[in-house]
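Asker: Fold the following.
(chains A and B)
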Amino acid sequence: MQTQFFKALSKIAASAAMVALVAAPAQAQQAGAPFTIQIDGSSTVFPISEAVAEGFQQQTQGRIRVAVGESGSSAGLRKFCRGEIHIADSSRPIRSSEMATCAAAGIQYVEIPVAFDGVTVVVNPSNPLRSLTVAQLREIWSTGSRVNNFSAVGGPNLAMQLYGPGSASGTFEYFTEAVNGTARSSRTDYTPSEDDNVLVQGVANNPGGMAYFGLAYYEENQSRLHAVAIDNGNGPVTPSQATVRNGSYAPLSRPIFIYVNAAALRRPQVQQFVQYYINNAATVSERVGYVALPAAAYTAYLQRAQQRRIGTAFGGRAAIGASIEDVVARRLVQTPVND
Amino acid sequence: MAAVDVQRVRDITEHPPGLGTRKFKDAAFVIWGIIATIIGLGTLVALVSELIHDGGHRLSAAFFWSFPSSEAADAGILSAWVGSLLVIATTALFAIPIGIMAGIYLEEYAHKNPVTSAIEIAVNNLAGVPSILFGLMAVGIFVQFLGNPNRWFAFLPEGFREAAADMFGQSILTAGITLSLLILPVVIVATREAVRSVPQEMRQGALAVGATKWQTTQHHVLPYALPGVVTGVIIGISRALGETAPLIMIGGLTFVAFLPITRPGDAAFEVIGAVDEYGAPVTPDATESVRIAHDGVVVLPDFTEMPVVGGQTYDLPHGSTVQSVATWGDAVASWSPTHWLGSEFTVMPIQMFNWTSRPQAEFLEIAAAAGLVLLGITLLMNGTAIFLRYRLRRSIKW
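Answerer: Numbering: from 1, shown residues only, chains lettered A, B, ... in the order given. A predicted model of the protein is given here:
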């Protein structure tokens, strides 16, 4: 009886020790683990950050780890302003509310535009519609729009099947602001999907299909889609690397950003990574389907990172129709600018 | 007389009342069953053949042993499957003991009263709670509360707070605990069913010869209930393996090109002195005498490299990184849970989810290939469950 009791007791002790081994906070366990730079945010910026992180880790032979997540621009900036991550990917400039949150938490940021994205409006290749004015786009997509046939906007007599990104996406926010004038105001009777491939399939398989998404998705599916030229008052412009870069594809080309924690940027590891990011942003963004900024812009941003110049050039507002030369020259602010 | 008998026999053999209907019902049931089976199996066959058609040709050794990449041709699932295994191991570590003990307690020990009934209802309801809600809870408790000890637990000693910050947050430990809470109801319910199916006479026999309740449970009830318990555990773990939503919530990452554990031959790094959360030295001017084990390279805090000779002792400034090649010893040591529980991670379903949302068609192919691997792992686990159940059942002698 006695021995059995002790046997049971020792069994319990052993299992308790096992649990303790797992649950006990290990004091010095991080000694050998390399530092990890944490990036999170926009799924639009993700492919660039991923490719840069990959190249950087190869270059440093894994001495500095980089982990990249894609929880969306807003979620990324929320984590950033809580100090949970070092770098936030964002497909839009930081909002005034987010500037306030960051300021309240004492988090300063260095804003670095890394590339351009052109929001592309596509239709089925069988659709003879070749161009739309911004006003016509607004007619189609504005809140409560009743346009359900391409004949209303100068196209063939063909019923429309509309597809678009979900309301959590930065692309949705940008498109609605650029076209309808107010971010997030849009007609709602279309098929939304966070997965751009669903939108591609929808338009490719539907003669009356129409959708908008990032340039990369159009370029990968050129044989199955037709990009609509956009007329912003200066004649129709077809989206392409060239027209997005020179700013003529307006108002649907937008810069995309990384926001770097200014305190983290003091550290050699983060500084080295951000410089590597800026130096490689041009080649990488073109490889994954985006449009590089002009070389002069990268030179300016490299300096900004080295000098850790904090603040945003957008004052908490959207970046509609901003030319990059203009953006580079703007004054950086840390409090929202009101008109 | 004889004629009447013949008539009756004929009536019985030729006109049994309702035989036609009953035969029809029998045949109808068989057909219905076959159709149902075809629908079930057909879906599975369609799914698997679609995956094989799309991604089968992408399966190769390199696919298993490469990190994800922005080039589909180079991309692999190494960090994803290692992450999945570590997360699942953590899940099992928490869910199995807690689930089985709770199940046994509720079935064998708890008195039937309103409190027990309430617990019972709660457990059953918990099994139906959408997984995203577990993710929401985990973000609140493990990521933002326990992961920010400096904000919430400033009164605790600093070493303890540092350790908590290392372990919680967006870590394997957080993921494991979250998934174990998710599958706990499954394990508890399965355990209770299995324990309940053990005949009452077994318990009475043991109790009659003077065994305590725990001895009865340990020696008689548990061994006979084990096949059912194992089935429940494996079903729960299989569910956790395919779970994506709560892990994305707590910040399972998409691009992770490092492993939480070390392989022999990997580059191993040792940072000299105390470093802050960005990897910079806490006291930049301090140095430390370090004896270097093998020839290699030391990276100084300003990122210049310094070749070093094995066996020599060097004065290295804090923040320097000694780089060496990991030995088998390092690799074995890195399997200690304390080494990897606090690490960032990705898992197979998150990796697949990311790949399916890429514009390039090749990424859809490797997503399908990853799906095949995930399916293979699930099949393997279910196979193990069947095998274990068979072995355990065979060892039972009533």
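
Asker: Where do the strands of the stretch 101-250 of chain A begin and end?
Answerer: A:109-123, A:131-133, A:161-165, A:191-193, A:209-214, A:226-227, A:229-231, A:236-237 (DSSP state E, counting those that start in this stretch).

Asker: what distance separates the longest one from the centre of its chain?
Answerer: Pointing back at strand A:109-123 there. 7 Å (Cα atoms, centre = their mean, to the nearest Å).

Asker: now that strand against strand A:209-214, angle please.
Answerer: With axes from the mean of the first three to the mean of the last three Cα atoms, to 10 degrees as the basis, strand A:109-123 and strand A:209-214 are set at 160 degrees to each other.

Asker: rank the strands of the stretch 101-250 of chain A by pLDDT, which is bottom?
Answerer: Mean pLDDT per stretch puts strand A:191-193 lowest among those, at a mean of 88.

Asker: Give me the buried positions along that strand.
Answerer: Within strand A:191-193, the residues that count as buried by 16 or more other Cβ atoms under 10 Å in any protein chain shown are A:Pro192, A:Ser193. The way it works is simple: take the backbone N, C-alpha and C, and place the C-beta from them, glycine included.

Asker: ok, it near chain B or not?
Answerer: No - judged by Cβ under 8 Å from any Cβ of the partner chain, strand A:191-193 and chain B are separated, with a smallest distance of 9.9 Å.

Asker: elements contacting that strand?
Answerer: strand A:161-165, helix A:196-204 (3 or more Cβ pairs under 8 Å, 6 or more residues apart in numbering or on different chains; DSSP states H and E).

Asker: quick one, which of the ones you listed is nearest to chain B?
Answerer: Closest to chain B of the helices and strands packed on strand A:191-193, according to Cβ to the nearest Cβ: helix A:196-204, at 6.6 Å.

Asker: What are the buried residues along stretch A:308-328?
Answerer: A:308, A:310-319, A:322, A:324, A:327-328.

Asker: Next step: those restricted to helices.
Answerer: A:Ile324, A:Val327, A:Val328 (DSSP state H).

Asker: So which of the buried residues of stretch A:308-328 sits lowest on pLDDT?
Answerer: Ranking the buried residues of stretch A:308-328 by pLDDT, A:Ala322 lands last with 67.

Asker: looking at the strands of the stretch 101-250 of chain A, which is buried most?
Answerer: Of all those, strand A:209-214 has the most neighbours on average by mean count of other Cβ atoms under 10 Å in any protein chain shown, namely a mean of 27.

Asker: what angle do that one and helix A:196-204 make?
Answerer: 150 degrees.

Asker: what packs against strand A:209-214?
Answerer: Contacts defined by 3+ Cβ pairs under 8 Å, 6+ apart place strand A:209-214 against strand A:109-123, strand A:161-165, helix A:170-175, helix A:196-204.

Asker: Redo these as TSV? Include distance to chain B.
Answerer: Shown next, in TSV, are those (distance: least, Cβ to the nearest Cβ, whole Å):
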stretch	distance to chain B
strand A:109-123	11
strand A:161-165	11
helix A:170-175	13
helix A:196-204	7
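
Asker: which one of the ones in helices among the buried residues of stretch A:308-328 is nearest B:Met352?
Answerer: Proximity of those to B:Met352 (Cβ to Cβ) peaks at A:Ile324, which lies at 35.9 Å.

Asker: Where does the prediction get shaky in the stretch 101-250 of chain B?
Answerer: The stretch 101-250 of chain B contains no residues with pLDDT under 70.

Asker: and it, which residues reach chain A?
Answerer: B:143-144, B:147, B:159-160, B:162-164, B:166-167, B:169-170, B:214, B:248.

Asker: Just the buried ones from the residues you listed?
Answerer: Buried among those (16+ other Cβ under 10 Å): B:Val143, B:Gln144, B:Gly147, B:Glu162, B:Ala163, B:Ala164, B:Asp166, B:Met167, B:Gly169, B:Gln170, B:Ile248.

Asker: could these be laid out in a markdown table, adding distance to A:Arg245 and secondary structure?
Answerer: Listed next are these as a markdown table, based on distance: Cβ to Cβ, whole Å; DSSP: H, G, I helix; E, B strand; the rest coil:
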| residue | distance to A:Arg245 | secondary structure |
| --- | --- | --- |
| B:Val143 | 40 | helix |
| B:Gln144 | 41 | helix |
| B:Gly147 | 42 | coil |
| B:Glu162 | 47 | helix |
| B:Ala163 | 50 | helix |
| B:Ala164 | 48 | helix |
| B:Asp166 | 44 | helix |
| B:Met167 | 46 | helix |
| B:Gly169 | 40 | coil |
| B:Gln170 | 36 | coil |
| B:Ile248 | 34 | helix |
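
Asker: ok so, going back, could you redo the helices and strands packed on strand A:191-193 as a markdown table and give each row distance to A:Phe56?
Answerer: Conversion of the helices and strands packed on strand A:191-193 to a markdown table gives the following (distance: least, Cβ to Cβ, whole Å):
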| stretch | distance to A:Phe56 |
| --- | --- |
| strand A:161-165 | 30 |
| helix A:196-204 | 27 |
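
Asker: wait, which of these is closest to B:Ala72?
Answerer: Here helix A:196-204 is closest among these (Cβ to Cβ), at 14.1 Å.

Asker: Quick one: the helices in the stretch 51-200 of chain A, in order.
Answerer: A:73-81, A:96-104, A:134-141, A:170-175, A:196-204 (DSSP state H, counting those that start in this stretch).

Asker: what two of the buried residues of stretch A:308-328 are the furthest from one another?
Answerer: Among the buried residues of stretch A:308-328, the pair separated by the greatest distance (Cβ to Cβ) is A:Arg308 and A:Ala318, at 25.4 Å.

Asker: picking that back up, which single one of the buried ones among the residues of the stretch 101-250 of chain B next to chain A is nearest to chain A?
Answerer: Distances from chain A to those, taken as Cβ to the nearest Cβ, are shortest for B:Ala163 (3.0 Å).

Asker: Any chance you could list what contacts stretch A:147-157?
Answerer: A:Asn127, A:Pro128, A:Leu129, A:Leu132, A:Gln136, A:Glu139, A:Ile140, A:Leu158, A:Ala159, A:Met160, A:Gly208 (Cβ atoms under 8 Å, 6 or more residues apart in numbering or on different chains).

Asker: repeat that for 6 Å
Answerer: Under the contact criterion Cβ atoms under 6 Å, 6 or more residues apart in numbering or on different chains, stretch A:147-157 has outside partners A:Pro128, A:Leu129, A:Gln136, A:Glu139, A:Ile140, A:Leu158, A:Ala159, A:Met160.

Asker: try stretch A:249-258
Answerer: A:44-45, A:87, A:89-91, A:112-119, A:174, A:178, A:230, A:232, A:237, A:239, A:243-244, A:319-321.

Asker: Kindly recompute the last result at 7 Å.
Answerer: A:44-45, A:87-91, A:93, A:111-119, A:134, A:174, A:178, A:230, A:232, A:237, A:239, A:243-244, A:277, A:319-322, A:324, A:327 (Cβ atoms under 7 Å, 6 or more residues apart in numbering or on different chains).

Asker: That'll do, ta.
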